[in-house]
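[1] 3D model of this:
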Amino acid sequence: MPRRDRFCRCAGLITLLTAWCLLAACRDVDPESGSPVLLETYLRFIEEDPPPSSARGRLFASSSLFDWRPASPPGCLQIWPKRPGEETFRLDHRIARLSWESDRVLISVPGPVEAETVDRIDLEVKSLAGRPDRVGAAALLWKSRRQKFAARRMLDDPAARPAGDDAWLYRFPLGSHPAWRGQVAELRLVLSPSVGSPLALCSLQGVAEELRPEKLPELLRDGLKVDFAGQTRTALPGLPGVAVEGPLRLPRGAELRFAFALPPTVRRPVTFSAALEREDASGLELFQATLSPEPHAAWHHAAVDLSAFAGLQVRLRLETAAEGQIEPERGFPLWGNPEVLAARLDPSR
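    Sure, this is the predicted structure:
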């Protein structure tokens with residue numbers, strides 16, 4: 001299915017689901033209450049435990065684009081330990097190069113690899129001395145023909161995850177990296193094995209991830225935990241053209257609080273806006289801000305005083321607009337923990 005069609009299908013489903021959840025969450029609001037009133041679409045308090053499986057893993061389906069394995073000898077190729085030096089080997093139909101230093105091994109693999117089609121690269125290694133507690137850290141670097149390897153084109157995975165039968169898997173989510181684009185001429189993997197742990201290279205896989213709209217109800221139920229710069233928020237996807245809105249009677253001293261963010265994979269400026277619509281259909285813009293793509297995402301925070309509308313039945317609307325089309329497979333704008341808080345009442349008065 002073309003990406004544009006998948007986006008439209010996803011947007012339509014989100015419209016129905018968010019409308020239903022906002023109606024359910026906001027229908028019983030007491031304007032005199034001193035308790036927080038929450039817009040609970042996708043939301044859970046961040047003190048709760050996250051879902052047992054990642055929301056991204058449920059929302060996106062993975063498919064293999066390539067699976068490169070050592071050709072001679074077939075199977076897994078021992079790459080550590082070795083004396084310092086260099087040699088070549090066949091990885092599928094490519095001639096790759098191994099280089100050894102005192103405390104690490106470098107694996108250089110020629111391209112081309114079309115970055116726009118690959119969302120993740122997985123490296124599988126195997127312990128040749130039983131299952132150790134750990135096998136060391138790894139990093140992935142890449143460059144085009146005219147570039148040199150650089151830290152800004154690098155991802156690291158400090159700890160491999162067990163993959164069965166003494167195998168370990170390093171995972172590099174390249175689709176979320178702003179420098180992963182264009183035609184990649186060479187990949188370089190840098191492994192720093194644990195001392196005394198013989199390792200073999202088994203495979204290098206390129207993986208594509210595709211949005212699964214049928215999984216959105218599950219995401220609505222469990223919430224989406226997103227961490228930027230060490231700050232975790234329960235996040236609501238802000239797909240452009242899909243307003244998240246719902247009715248609510250504003251309590252006394254109400255204040256709208258929320259965070260918003262733009263993942264580095266969204267490579268277009270996005271405008272975030274919040275608006276209020278009264279019963280007479282007159283509207284009022286409460287907030288607007290535009291974020292441009294940045295190498296490192298961060299949560300931005302905002303608060304809007306709604307005390308002037310205490311006791312009124314209104315409709316709150318959160319929406320985004322992008323300068324061009326956004327591919328949700330690569331990422332989307334995010335609203336973090338939107339909530340309407342009421343003034344705490346003083347019991348002595």
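[2] Domain ranges for the protein, per the record?
    Domain segmentation of the chain under automatic domain parsing yields 3-51+223-341, 60-211.
[3] State the mean pLDDT of the longest one.
    Meaning domain 3-51+223-341. Averaging pLDDT along domain 3-51+223-341 yields 71.
[4] next one: stretch 192-202
    83.
[5] contact partners of that stretch?
    69-70, 75-81, 103-105, 107, 123-129, 132, 134-138, 167, 191 (Cβ atoms under 8 Å, 6 or more residues apart in numbering). Bear in mind the C-beta positions are built from the backbone N, C-alpha and C, glycine included.
[6] rewinding a little: include mean neighbour count when you put the domains of the chain into JSON lines, please.
    Formatted as JSON lines, the domains of the chain follow (neighbours: other Cβ atoms under 10 Å):
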{"stretch": "domain 3-51+223-341", "mean neighbour count": "17"}
{"stretch": "domain 60-211", "mean neighbour count": "16"}
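[7] ok, back up a step: among the contacts of stretch 192-202, which ones are in helices?
    Per DSSP state H, helices hold no members of the contacts of stretch 192-202.
[8] Among those, which are located in strands?
    77-80, 105, 107, 123-127, 137-138, 167, 191 (DSSP state E).
[9] so which strand or helix has residue 241?
    If you go by DSSP states H and E, residue 241 is not part of any helix or strand.
[10] quick one: residue 99 from residue 172, how far?
    Counting by Cβ to Cβ, to the nearest Å, the separation of residue 99 from residue 172 is 19 Å.
[11] Same check on residue 254?
    For residue 254, the distance to residue 172 - Cβ to Cβ - is 45 Å.
[12] same deal with residue 243?
    Distance from residue 243 to residue 172, by Cβ to Cβ: 35 Å.
[13] before we move on, what about residue 139?
    From residue 139 to residue 172 the distance is 9 Å (Cβ to Cβ).
[14] Determine the residues that are contacts of both of these two.
    With Cβ under 8 Å, 6+ apart, residue 139 and residue 172 have common neighbours 155, 157.
[15] In the protein, which strand is the longest?
    strand 199-211.
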